[in-house]
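Trainee: My questions are about this predicted structure, shown below with the sequence.
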Amino acid sequence: MKLRVLNGLIMGTMMSVIMSGIITAVNTGLGTGYMGRWLGAWAVAWVIAVPLAMFVGPLARGWAERLATR
């Protein structure tokens, strides 16, 4: 259980930082105020990404294991 929570926390944080940074840059550019916009977007994304990584991650792993053993 501890590993599942830690994995979800790390995976959700990494994905939310990368995705929010890229999407913010694509939608608003890298100009003045980018960091503030990115941090705001990341805060919203993190709250969603971490619980999803914790609960959907094991489901995705199970699907991947079944697909890989076919």
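Mentor: Arrived safely.
Trainee: Check which helix or strand residue 47 maps to.
Mentor: helix 34-68 (DSSP states H and E).
Trainee: what's that helix packed up against?
Mentor: If you count contacts as 3 or more Cβ pairs under 8 Å, 6 or more residues apart in numbering; DSSP states H and E, helix 34-68 packs onto helix 2-28. All C-beta spots, glycine's among them, are computed from the backbone N, C-alpha and C.
Trainee: got the angle between the helix it packs on and helix 34-68?
Mentor: 130 degrees (axes from the mean of the first three to the mean of the last three Cα atoms, to 10 degrees).
Trainee: and helix 2-28, what other elements does it pack with?
Mentor: Partner elements for helix 2-28 (3+ Cβ pairs under 8 Å, 6+ apart): helix 34-68.
Trainee: Buried residues, the helix it packs on. List them.
Mentor: Neighbour-count burial for helix 34-68 flags 37-38, 41-42, 45-46, 49-50, 53-54 (criterion: 16 or more other Cβ atoms under 10 Å).
Trainee: cool, and stretch 8-22?
Mentor: For stretch 8-22, by 16+ other Cβ under 10 Å, it's 8-9, 11-13, 15-17, 20-21.
Trainee: right, and residue 24 touches residue 35 too?
Mentor: No. Applying Cβ atoms under 8 Å as the test, residue 24 and residue 35 come out as separate, 9.4 Å apart.
Trainee: Pull up the per-residue confidence for residue 60.
Mentor: Listed pLDDT for residue 60 reads 89.
Trainee: And for residue 7?
Mentor: Looking at residue 7, the pLDDT reads 88.
Trainee: how about the closest residue to it other than its chain neighbours, what does it touch?
Mentor: Among residues not flanking residue 7 along the chain, residue 57 sits closest, at 6.6 Å (Cβ to Cβ, 6 or more residues apart in numbering). Neighbouring residues of residue 57 by Cβ atoms under 8 Å, 6 or more residues apart in numbering: 4, 7-8, 11.
Trainee: swap the cut-off to 10 Å and go again
Mentor: Applying Cβ atoms under 10 Å, 6 or more residues apart in numbering to residue 57 gives the contacts 4, 7-8, 11-12.
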